[in-house]
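**Student:** return atomic coordinates for the entry below.
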Amino acid sequence: MTVPPGVDVPSPRTPSVSTFRLTDEKAGPYGITAGPDDALWITLVHRGSVARLTLDGAFREYALDAPDCRPTVIAPGPDGALWFTRFQDHRIGRVTVDGEVTSFALPSSDGGPYGITSGPDGALWFTETTGDRIGRITVDGEVTEFALPVAGGFPSAITTGPDGALWFMLNGANAIGRLTVDGDTAVHPLPTEAAGPVGIAADGHAVWFTEILAGQIGRISPDGRITEFPLPDRSAKPHAIVAAADGEYWFTEWGTGRVGRVTEDGEITEHALPDPASEPHGITVGPDGALWTALETGGVAQVERSLP
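**Tutor:** Predicted structure coming up:
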């Protein structure tokens with residue numbers, strides 16, 4: 001990989017970590033995912049745009065039609081485009097790998113969409129944080145909404161589980177939700193009170209999640225059994241999480257400027273980023289097999305998975 005201009009030199013404590021400055025600190029890189037074009041796609045939550053970053057350092061930004069729409073989570077869709085939520089103006093966005101941007105309004109004006117994922121049915125599924133709903137959008141832009149049986153649940157991240165259902169975090173209800181594609185809903189309370197569940201990801205066996213207030217990583221099996229693993233630093237504020245392989249998950253520690261790895265048996269290792277105040281948010285496995293995280297202070301970090 002050719003290092004883009006402005007690369008920070010990794011500290012001796014994190015020899016396998018590199019950071020790259022992309023924007024000023026006011027843009028706010030937030031969500032990140034690997035696209036079908038072997039590039040990384042990033043939301044700039046404070047500048048109202050999405051961006052494409054290649055592994056050789058080429059960076060291009062695409063402005064959205066509303067600078068204050070607050071694009072948040074981004075995910076690849078089944079149609080070869082990237083789909084993202086627009087939290088502030090209650091829309092779902094779509095960008096092609098060539099940079100063509102469109103968006104779709106939600107039927108309800110109070111949704112606050114946040115998490116988004118490709119579902120098992122060829123559609124995109126997303127959370128509505130302020131509307132207590134889960135939404136479904138087809139690649140043609142047709143939206144269906146499912147009301148949740150929890151008031152003030154603040155559904156956040158969402159993923160497709162190993163059982164073919166949609167699993168999502170209920171941050172305000174301290175629980176995990178499960179929704180089938182037919183609309184059947186179940187709610188699983190967390191063992192730890194006021195845990196603040198946020199991020200979620202799945203492999204072929206289970207669903208893993210972060211507890212930002214409790215400083216823990218959790219695992220829930222398809223039958224609802226929950227196990228929690230405390231972090232060495234309970235104030236780390238784990239935020240996003242991604243499945244790197246079956247039984248191997250990586251997560252961001254927003255509060256301490258670190259990334260962590262957790263295995264199937266709960267073994268946790270942590271790796272400091274060069275700047276402890278870099279505010280890592282979204283995390284993804286890049287086309288190069290490394291872990292990439294969006295830094296809200298204006299860049300991205302690359303973490304080699306070969307770390308011990």
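
**Student:** for P232, give me its contacts.
**Tutor:** By Cβ atoms under 8 Å, 6 or more residues apart in numbering, P232 lies in contact with I268, E270. Glycine gets a C-beta too; all of them are placed from N, C-alpha and C.

**Student:** the strands in the stretch 1-150 of the chain, which residues?
**Tutor:** 17-21, 29-34, 40-44, 49-53, 59-63, 71-76, 82-86, 91-95, 101-105, 113-118, 124-128, 133-137, 143-147 (DSSP state E, counting those that start in this stretch).

**Student:** now the angle from the helix or strand just after the last one to strand 113-118?
**Tutor:** On the C-terminal side of strand 143-147, the closest following helix or strand by DSSP states H and E is strand 155-160. Computed with axes from the mean of the first three to the mean of the last three Cα atoms, to 10 degrees, the direction of strand 155-160 lies at 0 degrees from that of strand 113-118.

**Student:** not counting its own residues, what contacts strand 155-160?
**Tutor:** 73, 114-120, 125-129, 132-134, 148, 166-171, 177, 197-202, 207, 209, 240.

**Student:** A244 is nearest to which of the strands of the stretch 1-150 of the chain?
**Tutor:** strand 29-34 (11.8 Å; Cβ to Cβ).

**Student:** now that closest one, how far from the chain's geometric center?
**Tutor:** 7 Å (Cα atoms, centre = their mean, to the nearest Å).

**Student:** which residues does it contact?
**Tutor:** For strand 29-34, contacts defined as Cβ under 8 Å, 6+ apart pick out 22-23, 40-45, 51, 71-76, 82, 84, 281-287, 292-296, 298-300.

**Student:** pull the contacting residues for the residue lying closest to E264 once chain neighbours are set aside.
**Tutor:** Among residues not flanking E264 along the chain, G247 sits closest, at 3.5 Å (Cβ to Cβ, 6 or more residues apart in numbering). Shown in contact with G247 (Cβ under 8 Å, 6+ apart): D203, H205, T263, E264.

**Student:** does the first one touch I241 like I think?
**Tutor:** I take that to be D203. No - using Cβ atoms under 8 Å, D203 makes no contact with I241, being 11.1 Å away.

**Student:** what ranges in this structure fall below the confidence cut-off?
**Tutor:** 1-15, 306-308 (pLDDT under 70).

**Student:** with only the CA atoms kept, save stretch 268-275 in CSV.
**Tutor:** The C-alpha trace of stretch 268-275 is given here as CSV (Å, rounded to 0.1, in the frame of the first residue of the first chain):
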residue,chain,number,x,y,z
ILE,A,268,-9.7,-9.7,24.9
THR,A,269,-6.6,-7.9,23.6
GLU,A,270,-6.4,-4.1,23.1
HIS,A,271,-4.2,-1.9,20.9
ALA,A,272,-3.7,1.8,21.3
LEU,A,273,-4.1,4.2,18.4
PRO,A,274,-1.3,6.8,18.1
ASP,A,275,-3.7,9.5,19.3
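
**Student:** okay, the angle between the biggest strand by length in the chain and strand 113-118?
**Tutor:** When the chain is parsed with DSSP state E, its longest strand is strand 238-245. On the basis of the same axes, to 10 degrees, strand 238-245 is oriented at 0 degrees to strand 113-118.

**Student:** just checking, what packs against strand 238-245?
**Tutor:** strand 197-202, strand 207-211, strand 216-220, strand 248-253, strand 280-285, strand 291-295 (3 or more Cβ pairs under 8 Å, 6 or more residues apart in numbering; DSSP states H and E).

**Student:** count of residues packed around R60?
**Tutor:** Using other Cβ atoms under 10 Å, R60 is surrounded by 11 other residues.

**Student:** beta-bridge partners for it, please?
**Tutor:** For R60, the beta-bridge partners are R52 (DSSP bridges).

**Student:** any idea how far P71 is from it?
**Tutor:** According to Cβ to Cβ, to the nearest Å, R60 and P71 sit 15 Å apart.

**Student:** export the strands of the stretch 1-150 of the chain to JSON lines and tack on distance to T192?
**Tutor:** Converted to JSON lines, the strands of the stretch 1-150 of the chain look like this (distance: least, Cβ to Cβ, whole Å):
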{"stretch": "strand 17-21", "distance to T192": "30"}
{"stretch": "strand 29-34", "distance to T192": "26"}
{"stretch": "strand 40-44", "distance to T192": "30"}
{"stretch": "strand 49-53", "distance to T192": "35"}
{"stretch": "strand 59-63", "distance to T192": "40"}
{"stretch": "strand 71-76", "distance to T192": "24"}
{"stretch": "strand 82-86", "distance to T192": "27"}
{"stretch": "strand 91-95", "distance to T192": "32"}
{"stretch": "strand 101-105", "distance to T192": "37"}
{"stretch": "strand 113-118", "distance to T192": "21"}
{"stretch": "strand 124-128", "distance to T192": "21"}
{"stretch": "strand 133-137", "distance to T192": "24"}
{"stretch": "strand 143-147", "distance to T192": "27"}
